[in-house]
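my questions concern the predicted model and sequence given below.
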Amino acid sequence: MKEKIISIVEAHGSDASRLMDILLNVQSTFGHVSAEAVSLLATMLRISEVDVVQTLSFYHFFSTTAVGKYAVYMNNSVVSCMMGMKDVVDEFEKQTGVKFGNTTADGKIGLYYTACIGMNDQEPAALINGIVFNELNRQKVRDIVAGMKVGIPVQDMIAHYGDGNNANPLMKSMVHNNIRKTGAVVLSDYTLGIGIAKALTSDAKSVIKEMKESNLRGRGGAGFPTGMKWDFCSRESGVHYIICNADEGEPGTFKDRVLLTERAYMLFEGMTIGGFAIGAAEGILYLRHEYTYMKAYLENVLKDMRIKNFLGNNILGRGYNFDIRIQMGAGAYVCGEESALIESAEGKRGEPRNRPPFPVQKGYKGKPTVVNNVETFCSATRIIEKGAAWYNTLGTSESAGTKLLSISGDCKFPGVYEIEWGMSINAMLEMVGAENVQAVQVAGPSGICLPPNQFHRKIALEDLPTGGSMIVIGQQRDILKDVVLNFMEFFADESCGSCVTCRSFNMILRNAIEKVVAGHAIKKDVENMQAWSEILRKTTRCGLGQTSSNPISTTIKNFPELYDARVKDVDYQSDFDMEKSVKASCEVVGRSSEVHELAKVNIN
């Protein structure tokens, strides 16, 4: 083991800032990161073991114990549950003989849950040794486990290839693009190099001016003006960096998956244009761990762009030097926040930084850094190619351009749609073949649960802003149990724990909505949830904590009748179940459980 770890560390230049990549290589090689490995890494990287452990312990896909020769990570997000995850989980447990969260006695198969893996349009889905298995059912699970038991490599279990570049020899993925509607910008016909050529025959200030005039705003959800961000960063002195946030972790979002698959050249061209505008020589694509299956293909795209002189030294003979490397994540929703992403890219825990200073002032390695989303960089490529005036002919007066939507849930045609800003929710539902709709979750768990009387509203930054996630919720769903509770469990699990209120109140709110769902809550509990949600929103330093109570606060506001039907109008309601507790204790000691009627009367 020692020799292999030494080789891994040396391959990354014995650079402590590459700790994420090093840990990923160790995890992949040995199936876990042992205490011995931690000690050796600390010595070789000249950091403390605590520094190694704090990074190792933060991310979902790192483990200090063996995860199994076949590690199954089952997506347990809302849409996966809607589409039949329960049956798939049941079949995995039947076929392996172990419950989720455990490994078989022979160490061959490990079953684990994980948050959204970017496949909501083809659920239920799971990652098995990094390979996506989509549209799972009981028969598929039986076939998969049978293959595992006889030692068939996971790659050989791929039954078919998806469309487009999913079938590329370097990707070999079963994933479907599900592109349902193309628009004028990122999913239209595209020729590599036009944007770069125009930028390099101009100057950095002119590129930033064009971006400002386009009124492009960040497509990751925050909506900050892209040209303004580039301008702020360009004014700082010294070395600059540009980073693409491809950590698409918002449950229900998968549009960047499609862009990475089908528009990688457009993305890297946009990063190069952005790098030229701010004076950066290095760019980083921060790619979520769940998209590891794309890495070899994306590396090949970068190689091809270097060969064609669209990356590397003296690009197109214009004297500009710029290159891009890929930094893998390891499973942490909070790394979608730009400063947490930067911390992660530096090999640390993905904890958001205090601001100011902002990343454009002091970002990656303490240098001025622009962080933009995949869709934002793709849009920038087309803006420089076709001009700001053209871009402003699309969308609304306050929301220029087009927007990619990831639409999933209770609809006939889940997938990716490129629309112009300004489409109503009603029009969107008709477009995707959705009927008997109870609600639409706009912008994922951190967004708004919208009722039918608001379906006239517009998808636009001035009305209903979204990073792209749209989950359709049919009348057959129990919103509080199937949606809100699931979302709150997600936030409780994904909080980095840095802010006390986020660490505490997400757990408290999760427990509170659980109490409501169980029918044990009183009206005061609902009032408390509203008050706690406000505290959480005001006292946390990043977008996770500021929006994590939205599943509760927006449903209390928009669906009060769902709470009224479940809570009791009394001053006190005990949720203690004497019979259940006695039964549990008796099972431990191996005796029959009996609760006398007198005890029931006294306890109630």
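Done, it's in.

mind checking which helix or strand Leu19 is in?
Assessed by DSSP states H and E, Leu19 sits inside helix 19-30.

tell me the mean pLDDT for that helix?
Helix 19-30 comes out with an average pLDDT of 96.

before we move on, what about stretch 189-204?
Per-residue scores along stretch 189-204 average to 97.

in the helix holding Leu19, what's buried?
Neighbour-count burial for helix 19-30, counted by 16 or more other CB atoms under 10 Å, picks out Leu19, Met20, Asp21, Ile22, Leu23, Leu24, Asn25, Val26, Gln27. All C-beta spots, glycine's among them, are computed from the backbone N, C-alpha and C.

list the helices and strands the following helix or strand past that helix packs on?
The first helix or strand that comes after helix 19-30 along the chain, using DSSP H and E, is helix 35-45. Packing contacts for helix 35-45, counted by 3 or more CB pairs under 8 Å, 6 or more residues apart in numbering; DSSP states H and E, involve helix 2-11, helix 19-30, helix 49-56.

okay, now Gln122: neighbour count?
Gln122 has 22 neighbours, counted by other CB atoms under 10 Å.

what sits closest to it if chain neighbours are left out?
In space, and not counting its chain neighbours, Gln122 is closest to Asn134: 4.1 Å by CB to CB, 6 or more residues apart in numbering.

I'd like to know how far the one you found sits from Tyr391.
34 Å (CB to CB, to the nearest Å).

of those two, who's got more company?
Per other CB under 10 Å, whichever of Asn134 and Tyr391 has more neighbours is Tyr391, with 25 against 19.

that one contacts Thr381, correct?
No - at 11.4 Å, Tyr391 and Thr381 do not qualify as touching, with contact defined as CB atoms under 8 Å.

pLDDT score for Leu598?
pLDDT recorded at Leu598 is 48.

just Gly223 next, same as before
88.

from Gly387, how far out is Gly183?
From Gly183 to Gly387 the distance is 17 Å (CB to CB).

could you do Tyr112 as well?
Separation of Tyr112 from Gly387 (CB to CB) stands at 49 Å.

more crowded one of those two?
Between Tyr112 and Gly387, counting by other CB under 10 Å, Tyr112 is the more crowded of the two (20 against 14).

for that one, name its beta-bridge partners.
Beta-bridge partners recorded for Tyr112 (DSSP bridges): Tyr73.

so it sits against Val72, correct?
Yes - the pair Tyr112 / Val72 is scored as a contact, 6.6 Å apart, by CB under 8 Å.

any weak-confidence spans in the protein?
Flagging of the chain using pLDDT under 70 yields the residue ranges 575, 595-604.

assign a three-state SS to the residue nearest the centre of it, would you?
Centroid-nearest residue in the chain, with CA atoms, centre = their mean: Gly249, separated by 0.5 Å. Following DSSP: H, G, I helix; E, B strand; the rest coil, we place Gly249 in the coil state.

skip the chain neighbours and tell me the closest residue to it.
Closest residue in space to Gly249, ignoring its immediate chain neighbours: Tyr333 at 4.3 Å, by CB to CB, 6+ apart.

that neighbour against Leu544, yeah?
Yes - judged on CB under 8 Å, Tyr333 makes contact with Leu544 at a distance of 7.1 Å.

what do these two both touch?
The contact sets of Tyr333 and Leu544 overlap at Glu494 (CB atoms under 8 Å, 6 or more residues apart in numbering).

which element, helix or strand, includes Gln441?
Following DSSP H and E, one finds Gln441 within strand 437-442.

and the angle from the longest strand anywhere in the chain to strand 437-442?
In the chain, assigned by DSSP state E, the strand with the most residues is strand 402-409. Inter-element angle recorded for strand 402-409 and strand 437-442: 130 degrees (by axes from the mean of the first three to the mean of the last three CA atoms, to 10 degrees).

what is the helix or strand that strand 402-409 is followed by packed up against?
Downstream of strand 402-409, the next assigned helix or strand under DSSP H and E is strand 415-420. Where contact means 3+ CB pairs under 8 Å, 6+ apart, strand 415-420 is packed against strand 179-181, strand 402-409, helix 425-431.

looking at those, which is closest to Ile473?
Closest to Ile473 of these is strand 402-409 (CB to CB; 6.0 Å).

which parts of the stretch 451-600 of the chain are helices?
For the stretch 451-600 of the chain, the helices defined by DSSP state H, counting those that start in this stretch cover 485-494, 500-518, 523-538, 543-547, 550-558, 560-564, 578-589, 597-603.

including mean neighbour count, could the ones you listed go into a markdown table?
Formatted as a markdown table, the helices of the stretch 451-600 of the chain follow (neighbours: other CB atoms under 10 Å):
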| stretch | mean neighbour count |
| --- | --- |
| helix 485-494 | 21 |
| helix 500-518 | 19 |
| helix 523-538 | 16 |
| helix 543-547 | 21 |
| helix 550-558 | 22 |
| helix 560-564 | 14 |
| helix 578-589 | 12 |
| helix 597-603 | 10 |
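
is it possible to get CSV of these that adds distance to Gly312?
Shown next, in CSV, are these (distance: least, CB to CB, whole Å):
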stretch, distance to Gly312
helix 485-494, 38
helix 500-518, 43
helix 523-538, 46
helix 543-547, 35
helix 550-558, 44
helix 560-564, 57
helix 578-589, 65
helix 597-603, 74
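
for those, which one sits closest to Gly130?
When those are compared by CB to CB, helix 485-494 sits nearest Gly130, at 20.7 Å.

circling back to that earlier point, restricting to C-alpha, output the helix holding Leu19 in PDB.
Taking C-alpha atoms only, helix 19-30 is exported to PDB below (Å, rounded to 0.1, in the frame of the first residue of the first chain):
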ATOM      1  CA  LEU A  19      -5.600  16.700  -1.400                       C
ATOM      2  CA  MET A  20      -9.100  16.100  -2.900                       C
ATOM      3  CA  ASP A  21      -7.600  14.400  -6.000                       C
ATOM      4  CA  ILE A  22      -5.200  12.400  -3.800                       C
ATOM      5  CA  LEU A  23      -7.900  11.100  -1.500                       C
ATOM      6  CA  LEU A  24     -10.100  10.300  -4.500                       C
ATOM      7  CA  ASN A  25      -7.300   8.200  -6.000                       C
ATOM      8  CA  VAL A  26      -6.600   6.400  -2.700                       C
ATOM      9  CA  GLN A  27     -10.400   5.700  -2.200                       C
ATOM     10  CA  SER A  28     -10.700   4.400  -5.700                       C
ATOM     11  CA  THR A  29      -7.600   2.200  -5.400                       C
ATOM     12  CA  PHE A  30      -8.200   0.600  -2.000                       C
END
